[in-house]
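S.K.: Need coordinates for the below:
(2 chains)
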Amino acid sequence: MASLISDIEPPTSTTTDLVRRKKRSSVSSAASSSTTAGSVSSESHARWRSEKQQRIYSAKLIQALQQVRLNSSAATTSSPTAQKRGKAVREAADRALAVSARGRTLWSRAILANRIKLKFRKQKRPRTTTKIPSMTTVVNSSNRSRKRRVSVLRLNKKNIPDVNRKVRVLGRLVPGCGKQSVPVILEEATDYIQALEMQVRAMNSLVQLLSSYGSAPPPI
Amino acid sequence: MSGRRSRSRQSSGTSRISEDQINDLIIKLQQLLPELRDSRRSDKVSAARVLQDTCNYIRNLHREVDDLSERLSELLANTDTAQAALIRSLLTQ
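M.R.: Below you'll find the predicted structure:
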């Protein structure tokens, strides 16, 4: 037992490989049949729904989560609040998802760029108001986009303000699409929804994996 | 897909977005939503309805991801026990 405990101390890269290998060995047999079916259609639908994509995302997610755990344990001696830990996990998951998109979509680029922007804006703020910098930037950009929104509304002959308003709301939900035109928002939303569904599936299976290993009594 | 992208760029250059294009995209969006996947009526579901349901669906997915993140963070907080059980189970197999 003592030897087992001492084996746990060393860095978590070994467990990452172990978990990854375990995932791959269990899923590879199923994935081999599904990837051949998925590679036939080159649509984005098949891309986010394939087992292979989920495996890639799960591996990236586990890597990012291990880093999060190391950072939090090194930085704060006292345990951070559950909310902060959950937020850190959420951000890591979103970043892993954005990386899996391979930079082809607006929302993925926005997620990856947003972290850098926020870091820069928090450091230097030449604005007069001394409120939370990230909040003021959001307000300013929405003011600017409201002026542009009026000009776009008059273009469509249908001009149902209802539909246009809802598209704008949708654009605010999808990261990076606040000021985009209507067809761009709709296209980004279709890809974003499928990516989110895959993220939910991957995190669900990861939670099940971890909870089952935690609760299963080890046969010695 | 790339054809549609280039078409949208040209139309936005001339500042006219065709309605058919938008309706096409909305139909594609409708196929993704679990509630509206099979239209029960013969006529189409209204675009406003599709957009409203899309917003609700995305908000639901965000909430699910937040919940899962919290659960994951709790599970990872007890990772020592999880790692031990993991290694033990992998060794015994």
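S.K.: Flag the shaky bits of chain A, pLDDT-wise.
M.R.: A:1-45, A:69-80, A:82, A:118-119, A:121-160, A:214-220 (pLDDT under 70).
S.K.: if we go to 90?
M.R.: Scanning chain A for pLDDT under 90 picks out the ranges A:1-170, A:172-185, A:187, A:201-220.
S.K.: now do chain B
M.R.: In chain B the weaker segments, taking pLDDT under 90 as the threshold, are B:1-50, B:69-93.
S.K.: can you give me the helices in it?
M.R.: B:2-13, B:19-32, B:47-77, B:79-92 (DSSP state H).
S.K.: list the buried ones in the third one?
M.R.: This points to helix B:47-77. Neighbour counts using 16 or more other CB atoms under 10 Å in any protein chain shown place B:47-51, B:53-55, B:57-58, B:61, B:64-66, B:68-77 of helix B:47-77 among the buried residues. Heads up, the C-betas are built off the backbone N, CA and C, glycines and all.
S.K.: Who's the closest spatial neighbour of residue B:36, skipping the chain neighbours?
M.R.: residue B:30 (5.0 Å; CB to CB, 6 or more residues apart in numbering or on different chains).
S.K.: quick one, helices of chain A?
M.R.: Under DSSP H, chain A gives helices at A:2-8, A:13-40, A:44-49, A:51-75, A:82-100, A:106-123, A:133-153, A:161-173, A:182-215.
S.K.: Pull stretch A:91-103 out as CSV, backbone CA atoms only.
M.R.: The C-alpha atoms that make up stretch A:91-103 are tabulated as CSV, following Å, rounded to 0.1, in the frame of the first residue of the first chain:
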residue,chain,number,x,y,z
GLU,A,91,-12.8,28.1,-19.2
ALA,A,92,-10.4,25.2,-19.8
ALA,A,93,-13.2,23.1,-21.4
ASP,A,94,-14.1,26.0,-23.7
ARG,A,95,-10.5,26.6,-24.7
ALA,A,96,-10.1,22.9,-25.5
LEU,A,97,-13.3,23.1,-27.5
ALA,A,98,-12.1,26.1,-29.4
VAL,A,99,-8.7,24.4,-30.2
SER,A,100,-10.6,21.4,-31.5
ALA,A,101,-12.4,23.6,-34.0
ARG,A,102,-9.0,24.1,-35.7
GLY,A,103,-9.5,27.8,-36.2
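S.K.: Other residues contacting it?
M.R.: A:53, A:56-57, A:60-61, A:63-65, A:67-68, A:107-109, A:111-112, A:115, A:191, A:195-196, A:198-199, A:203, B:65, B:69 (CB atoms under 8 Å, 6 or more residues apart in numbering or on different chains).
S.K.: If any of these are buried, put those into a ChimeraX selection.
M.R.: A single ChimeraX command selects the buried members of the contacts of stretch A:91-103 (16+ other CB under 10 Å):
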select /A:53,57,60,61,63,64,65,68,107,108,111,112,191,195,196,198,199,203 /B:65,69
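S.K.: For the nearest residue to residue A:48 once chain neighbours are set aside, give its distance to residue A:101.
M.R.: Leaving out its chain neighbours, the residue that sits closest to residue A:48 by CB to CB, 6+ apart is residue A:194, at 3.9 Å. According to CB to CB, to the nearest Å, residue A:194 stands 10 Å off from residue A:101.
S.K.: out of these two, which sits in the more crowded spot?
M.R.: Between residue A:194 and residue A:101, counting by other CB atoms under 10 Å in any protein chain shown, residue A:101 is the more crowded of the two (22 against 18).
S.K.: for that one, phi and psi?
M.R.: Backbone torsions for residue A:101, taken as degrees, to the nearest 10, come to phi -80, psi -10.
S.K.: hmm, back to that, list the contacts for the residue nearest to residue B:36?
M.R.: B:36, B:37, B:39, B:45, B:50.
S.K.: try 10 Å this time
M.R.: Counting by CB atoms under 10 Å, 6 or more residues apart in numbering or on different chains, residue B:30 makes contact with B:36, B:37, B:39, B:44, B:45, B:47, B:49, B:50, B:51, B:53, B:54.
S.K.: a markdown table for those residues, including distance to residue A:173?
M.R.: Formatted as a markdown table, the contacts of residue B:30 follow (distance: CB to CB, whole Å):
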| residue | distance to residue A:173 |
| --- | --- |
| B:36 | 18 |
| B:37 | 20 |
| B:39 | 24 |
| B:44 | 23 |
| B:45 | 20 |
| B:47 | 17 |
| B:49 | 17 |
| B:50 | 14 |
| B:51 | 11 |
| B:53 | 13 |
| B:54 | 9 |
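S.K.: Name the nearest of those relative to chain A.
M.R.: Proximity of those to chain A was ranked by CB to the nearest CB; the top entry is residue B:51 with 3.8 Å.
S.K.: The closest one contacts residue B:36, correct?
M.R.: No. Using CB atoms under 10 Å as the test, residue B:51 is too far from residue B:36 to be in contact (11.0 Å).
S.K.: residues bridging contact with those two, i.e. touching both?
M.R.: Joint contacts of residue B:51 and residue B:36 (CB under 10 Å, 6+ apart) are B:29, B:30.
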